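Peer 1: sequence first, then the predicted structure:
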Amino acid sequence: MNKMNFLKTATTTLVATSALLAVSSAHANWKGWNIHVPDYPVSIGMDKFTSLVEANTDIKAKTFHNGVLGNQSDAIKQVQLGALSFAVFNLGPIGPIVPATNVVSLPFVFKDMDHMHRVMDGPFGDKLSAAMEEKGLVGLAWYDSGARSFYNSVKPITEVADMKGLKFRVMGNPIFVEMVEALGGNATPMAFSEVFQSLKTGVIDGAENNWPSYESTSHFEVASYYSLSQHLIIPECLCMSKITWDGLSDDDKAAVKSAARESAVLQREEWAKRALKSRKIVEAGGVKFNQIPNKAAFQDAMGMVYKKAVEKSPILEDYINAIKAVD
């Protein structure tokens, strides 16, 4: 065999092998990553997703809860590489990878939870998923993660001045650092798993999250002031590895997407129930809860956060306008 024929044969074999690996990876046993405990709304939604996938395709799928497959930053990379087939990620830490997703991390960008649903379930959600796909993540459906508010171990927050000097844990995205600093606080990016001990030992004064996370992690036991800022309403993405997705047949793609969207309906229902239950638990546990009389002052302080975000990624201006255009 001459050199030219050898190279042609080798190339053909490589292409055929790659195609075979794509098909086999799509129909192997899928592993899914999840940070939450098994009875959490996200976990319930993911288990619904896997049961529907198995019922309607030849694919076997299992979600590993409790973060046993690693932290979120590692899991994102593993999904991009195809080592993990699917996961549910909060879109906050996706921002540094897919700048377009930073738009949903902007404080007060959504009016309320229902507005977020209308935005994400429409053309805007498809547009955002397309941007994520360029980085190896296919957005299948959007889960709820509630409205995030500030909590701390020092004092109630009723006005912007109360934030001054307090150390708050934030997710790993510069927008959240800028958000806290714009309010006069000190932001500390930190893994979610480290927050309880850091609150307990005084490494940080507080954090920000929704009712179920505040309750299920026992953060309320070491940070008993919860102030209803509701500054962030960030959807979570049921994401699939593009490598796995590209190996699916059209019929299986349709079945998987349908399973994802059906699971999102259940997850949102479970979320609403869990949020109410969690709030009752922490209030019964002695949490000092307070409304914020003038939330507009917090919103006004975000002007520079928006300006910096758009300067870093000009495309965000169009995304912001698209969100505002949805009633």
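Peer 2: Looks like it arrived, so ask away.

Peer 1: what ranges do the strands span in the chain?
Peer 2: Using DSSP state E, the strands of the chain run over residues 29-33, 60-64, 86-90, 137-143, 148-152, 167-170, 186-189, 206-209, 225-232, 236-241, 288-291.

Peer 1: residues in contact with the first one?
Peer 2: Meaning strand 29-33. 46, 50, 53, 59-64, 67, 69-70, 75, 78-79, 84-88, 244 (C-beta atoms under 8 Å, 6 or more residues apart in numbering). The C-beta positions use only the backbone N, C-alpha and C, and glycine is treated the same way.

Peer 1: again, 10 Å this time
Peer 2: Strand 29-33 is contacted from outside by 46-47, 49-50, 53-54, 59-65, 67-72, 74-76, 78-79, 83-89, 238-241, 244, 256, using C-beta atoms under 10 Å, 6 or more residues apart in numbering.

Peer 1: ditto for stretch 279-295
Peer 2: 108, 149-151, 155-160, 162, 210-212, 214-216, 218-221, 223-231, 298, 300.

Peer 1: same thing but at 7 Å, please
Peer 2: Contacts to stretch 279-295, defined as C-beta atoms under 7 Å, 6 or more residues apart in numbering, come from residues 156, 158-159, 211, 214-215, 220, 224-229, 298.

Peer 1: give me the domain ranges for this structure.
Peer 2: Taking automatic domain parsing as the reference, the chain has its domains at 28-145+234-276, 148-233+278-324.

Peer 1: which residues of the stretch 101-250 of the chain score low on pLDDT?
Peer 2: Judged by pLDDT under 70, the stretch 101-250 of the chain has no weakly predicted residues.

Peer 1: quick one, helices of it?
Peer 2: Under the criterion DSSP state H, counting those that start in this stretch, the stretch 101-250 of the chain contains helices at 113-120, 123-133, 174-182, 195-201, 211-216, 242-246, 250-284.

Peer 1: list the buried residues of the fourth one.
Peer 2: In this case it means helix 195-201. 195-196, 198-199 (16 or more other C-beta atoms under 10 Å).

Peer 1: tell me which two of those residues sit farthest apart.
Peer 2: Phe196 and Ser198 (7.2 Å; C-beta to C-beta).

Peer 1: against Pro107, how distant is Ser249?
Peer 2: Plainly put, Ser249 is 42 Å away from Pro107 if you go by C-beta to C-beta, to the nearest Å.
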